[in-house]
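J.: Need coordinates for the following:
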Amino acid sequence: MQGRVFQALEAFSGIYSGWILWNLFLAFIPLVLSFWLFRRKAVKKRSPFWWALFIVFVAFLPNAPYMLTDIIHLIRGTRAGYAIWLIALVFIPIHLIAILGGFEAYVISLINQGNYLKRQSARQFVLWSELAAHALCAIGIYLGRFIRFNSWDLVTEPSDVLTTTVNTLTSRQPLLIIGITFVGLTVLYWVMKQITLGIYLRIHYAQMGIDVPD
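T.: Sure, this is the predicted structure:
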């Protein structure tokens, strides 16, 4: 048993090398910022500092749905010759937790943004803001996964990011990949949003002592 534990730890460190924690850290940056930007009741006007943090929020937002593409690490793990029990009990659960956690951070971030727009009497822009976020994230995911740009490259290498983005948006194959990613994000977001709001309502009703039918 002890030997299997060491084997699992060795396999985990050999394949993942900390990428899960790092990617989750990047994914949770926009989540944390969304609570500060959109959920604080004390916010009455948008100061320059608010707009600066909003730009950071937008720049880091693609890191959350980007976790969906980390499925490639699971594929590599299954092809590395490890035992079936390692794949079933270590690799798959870790991937599912990481991917779900990252995408849920994306969902909650946009829900917070939507609630903010509703409080600003701009309910009609909620859907459009979500679609705009999906489109920007689809582009960001492509630039991150295939071109290997990072969010901070917008500051350190802005000209390279701009040139590459323009070239990407005028090329057929990248546009096809981005389009497929956009559709996938839209569908998955809608499903996860309903689940998230449903869980929130059940918790809210439970706190109020209201019975919710199963």
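J.: worst-scoring helix or strand of this protein, pLDDT-wise?
T.: Using mean pLDDT, DSSP states H and E, helix 2-16 stands out as the lowest-scoring helix or strand of the chain, at a mean of 57.
J.: mind listing what's buried in whatever helix or strand comes next after that helix?
T.: Counting by DSSP states H and E, the next helix or strand C-terminal to helix 2-16 is helix 19-34. Applying a neighbour-count criterion of 16 or more other C-beta atoms under 10 Å, one finds 20, 23-24, 26-31, 33-34 buried in helix 19-34. Any C-beta I mention is one placed from the backbone N, CA and C, and that applies to glycine too.
J.: Which of those residues sits closest to W152?
T.: The nearest member of the buried residues of helix 19-34 to W152, counting by C-beta to C-beta, is L26 at 10.0 Å.
J.: show me what contacts that closest one?
T.: 60, 63, 66, 151 (C-beta atoms under 8 Å, 6 or more residues apart in numbering).
J.: Same question for K193.
T.: 107, 110-111.
J.: The host helix or strand of it - what's its average pLDDT?
T.: Assigned by DSSP H and E, K193 belongs to helix 172-208. In this model, helix 172-208 has an average pLDDT of 90.
J.: Now it: buried residues?
T.: Buried positions in helix 172-208, judged by neighbour count with 16+ other C-beta under 10 Å: 174, 177-178, 181-182, 185-186, 188-189, 192-193.
J.: again with stretch 96-116
T.: 98-99, 101-114, 116.
J.: now what about that stretch, what contacts it?
T.: By C-beta under 8 Å, 6+ apart, stretch 96-116 touches 20, 23-24, 27-28, 30-31, 33-35, 37-39, 57, 61, 63-68, 70-71, 126, 129-130, 133, 137, 188-189, 192-193, 196-197.
J.: Equivalent analysis for stretch 134-150, please.
T.: Contacts of stretch 134-150 (C-beta under 8 Å, 6+ apart): 58, 61-66, 68-69, 106, 151, 157, 160-161, 164-165, 168-169, 174, 177-179, 181-182, 185-186, 189.
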